[in-house]
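Undergrad: the sequence and its predicted three-dimensional model are supplied below.
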Amino acid sequence: MSAGDLFHGQLIASLSRGESILNIFNTVGYNYIAAGNHDFNYGLDRLKEIESQAKFKILVSNLVDKETGANIFLPYEIKKINGVKVGIFGLSTPETLAKTSGRKSLEGTEFLPPIETAKKIVKKLKSQGCKIIIAITHLGLDDATLYENRSNSLAENVPEIDLIIDGHSHTELKNGLEVNNTLIAQTGEHGNNIGVVELKLKKRGKKYVGLEKKAYLIKMSEQQDILPDENVLNVVEEENKKIEEFTLEKIGEIGFELDGKREHVRTVETNFFDLLTDAILEKTKSDLVILNGGTIRDSIQAGEITVGDIYKSLQFENTIITQNISGREILKALEYGVSQYPNVFGGNLQLGGIKFKFDPNKKAGERIYDICFLDSGKKFDLDKEYNLATTKFTFEGGDGYDMFTKNESYEEHESIQEMLIEYIKNHDLEKYCEVQNRIVVQEQKIEQVSEPENEIKNKNDENLKNVS
């Protein structure tokens with residue numbers, strides 16, 4: 001089983017829009033997966049296409065057609081193992097609508113509340129004689145997620161679930177997490193561990209009297225002596241060959257790191273984002289660029305830069321959108337982008353074309369001042385309209401940037417990766433060795449010249465005239 005986010009996230013996945021991962025998972029022999037928010041990145045139709053070719057089942061019980069209430073994917077399956085009926089169902093996070101670049105494709109669908117959905121599914125499975133109930137969930141244990149959308153709250157409210165195979169928060173649970181009578185298992189991320197769960201159902205005569213549960217992790221870094229499966233290895237090598245020539249192309253060279261560390265890009269301005277926003281600005285000829293911190297997923301080290309490095313860092317299939325938007329709406333976006341500072345936040349603001357200062361001691365929504373344009377030094381005008389460039393993800397409201405979704409008139413450009421590759425090929429990157437200080441944190445705002453001082457200046461001017 002897998003708890004989702006399979007078909008996107010690395011170049012091997014994104015170049016074939018998930019087909020390579022499908023081939024690998026079919027060969028490995030998976031049985032069931034839940035759909036993660038990033039599995040919708042290529043759009044719902046593409047995920048349905050993958051489902052039609054999969055030898056495993058995609059289980060999602062809480063995604064339905066808004067009009068008819070019909071399930072979009074198979075909600076559950078009952079499997080007989082050693083004569084015991086095991087009910088298995090899937091849940092996807094309602095955060096998907098804010099955390100996938102394919103959200104437009106989900107119009108006309110609805111993510112139902114996980115807890116209420118689970119209660120109904122569990123009742124159905126029990127009525128059909130299931131002795132063990134397993135939920136495969138892409139919900140996670142992150143405190144930043146609403147309580148009702150987390151796997152631990154699911155366990156607290158639906159104790160009839162025996163086991164939750166969970167994802168989304170990338171949590172490494174060495175021996176699982178017991179919540180009430182439910183065992184939650186998570187393996188971390190990127191295949192660092194294989195999770196194993198052992199279930200032992202006790203029987204007295206014809207009656208089942210108890211269930212023992214045990215979870216543990218097998219660290220992949222400690223398994224060097226295990227020979228790889230030949231069939232899986234062949235498929236992986238085939239898929240790698242397809243992308244090798246493309247990824248090895250050299251496009252530039254740097255003598256410093258481009259900082260894409262998760263804890264940095266989601267908190268403060270970084271030199272990597274300064275470079276990226278400048279690339280977008282030059283290509284689109286926009287007035288300014290706004291990106292979310294989650295756009296960049298990895299750093300690029302000093303030395304040669306290859307196409308593969310770009311796709312490793314910019315993992316999402318994101319085109320750039322430009323639109324004309326009022327200064328007041330832009331200010332809302334800027335304020336929203338620094339509203340969580342200094343917390344790690346996927347929507348953390350990254351900027352091109354303008355700069356500003358902000359005071360984190362002020363209330364969120366009232367922190368920013370001294371906004372001006374980088375090249376001209378002109379002050380930002382709230383009453384003017386500006387051409388803004390951003391990713392399709394944020395344009396469609398991703399990470400909470402819903403102030404961009406009101407505009408139906410826009411232009412779609414090429415991918416963010418193509419823009420960056422072109423820029424690196426044609427520019428000296430030396431200036432990006434340091435952060436450009438476009439977003440300046442001021443603990444205390446410097447007060448403007450007071451009115452009395454202006455009056456004194458005016459009087460002095462008048463006196464000088466009289467003297468002359």
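TA: That came through, no problem. All values reported here derive from a predicted model rather than from experimental measurement.
Undergrad: contacting residues around the nearest residue to A3 once chain neighbours are set aside?
TA: Among residues not flanking A3 along the chain, G167 sits closest, at 2.9 Å (Cβ to Cβ, 6 or more residues apart in numbering). In short, each C-beta sits where N, CA and C put it, glycine included. Counting by Cβ atoms under 8 Å, 6 or more residues apart in numbering, G167 touches 2-5, 34, 36, 137-140, 186.
Undergrad: and G167, how far from R46?
TA: Computed as Cβ to Cβ, to the nearest Å, the G167 to R46 distance reads 20 Å.
Undergrad: for Y336, grab phi and psi.
TA: Main-chain dihedrals, Y336, degrees, to the nearest 10: phi -60, psi -40.
Undergrad: now do it, the pLDDT please.
TA: Looking at Y336, its pLDDT reads 96.
Undergrad: now it: how far from S101?
TA: From Y336 across to S101, the span is 19 Å (Cβ to Cβ).
Undergrad: with T117 instead?
TA: Going from T117 to S101 by Cβ to Cβ gives 25 Å.
Undergrad: low-scoring stretches of this structure, by residue?
TA: Applying pLDDT under 70 to the chain flags the ranges 443-468.
Undergrad: centroid-nearest residue for it?
TA: Closest to where the C-alpha atoms of the chain average out (Cα atoms, centre = their mean) is K99, at 5.4 Å.
Undergrad: show me the strands in the stretch 1-150 of the chain, by range?
TA: 32-34, 57-59, 63-65, 76-81, 84-92, 109-111, 132-138 (DSSP state E, counting those that start in this stretch).
Undergrad: need these in CSV with mean neighbour count and distance to E160, can you?
TA: Shown next, in CSV, are the strands of the stretch 1-150 of the chain (neighbours: other Cβ atoms under 10 Å; distance: least, Cβ to Cβ, whole Å):
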stretch, mean neighbour count, distance to E160
strand 32-34, 26, 19
strand 57-59, 23, 17
strand 63-65, 18, 22
strand 76-81, 14, 14
strand 84-92, 24, 10
strand 109-111, 17, 22
strand 132-138, 27, 6
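Undergrad: what's the closest of those to A364?
TA: strand 109-111 (26.8 Å; Cβ to Cβ).
Undergrad: what's that closest one packed up against?
TA: On a contact count with 3 or more Cβ pairs under 8 Å, 6 or more residues apart in numbering; DSSP states H and E, strand 109-111 meets strand 63-65.
Undergrad: hmm, N193 is touching A185, no?
TA: No: using Cβ atoms under 8 Å, N193 is not in contact with A185; the gap is 10.5 Å.
Undergrad: and these two? Which one has more around it.
TA: Remark: of N193 and A185, A185 carries more neighbours, 23 against 20, as counted by other Cβ atoms under 10 Å.
Undergrad: OK, contacts around the more buried one?
TA: Residues in contact with A185 (Cβ under 8 Å, 6+ apart) are 163-166, 173, 176-177, 195, 197, 215.
Undergrad: that older thread, which of the contacts of G167 are buried?
TA: Among the contacts of G167, the ones that count as buried by 16 or more other Cβ atoms under 10 Å are 2-5, 34, 36, 137-140, 186.
Undergrad: thought G293 was touching Y341?
TA: No: assessed by Cβ under 8 Å, G293 is found out of contact with Y341, at 10.9 Å.
Undergrad: can you give me the helices for the stretch 201-350 of the chain?
TA: Using DSSP state H, counting those that start in this stretch, the helices of the stretch 201-350 of the chain run over residues 230-247, 262-265, 271-284, 307-313, 327-337.
Undergrad: measure I371 to P114 for me?
TA: I371 sits 41 Å away from P114, going by Cβ to Cβ.
Undergrad: how about F256: what's its closest non-neighbour residue?
TA: Closest to F256 by Cβ to Cβ, 6+ apart is C433, at 4.5 Å.
Undergrad: contacting residues for that neighbour?
TA: 254-256, 271.
Undergrad: from those, which land in strands?
TA: Taking DSSP state E as the definition of strands, the contacts of C433 contribute I254.
Undergrad: switch the contacts of C433 over to CSV; also include distance to D375.
TA: Shown next, in CSV, are the contacts of C433 (distance: Cβ to Cβ, whole Å):
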residue, distance to D375
I254, 24
G255, 26
F256, 24
N271, 19
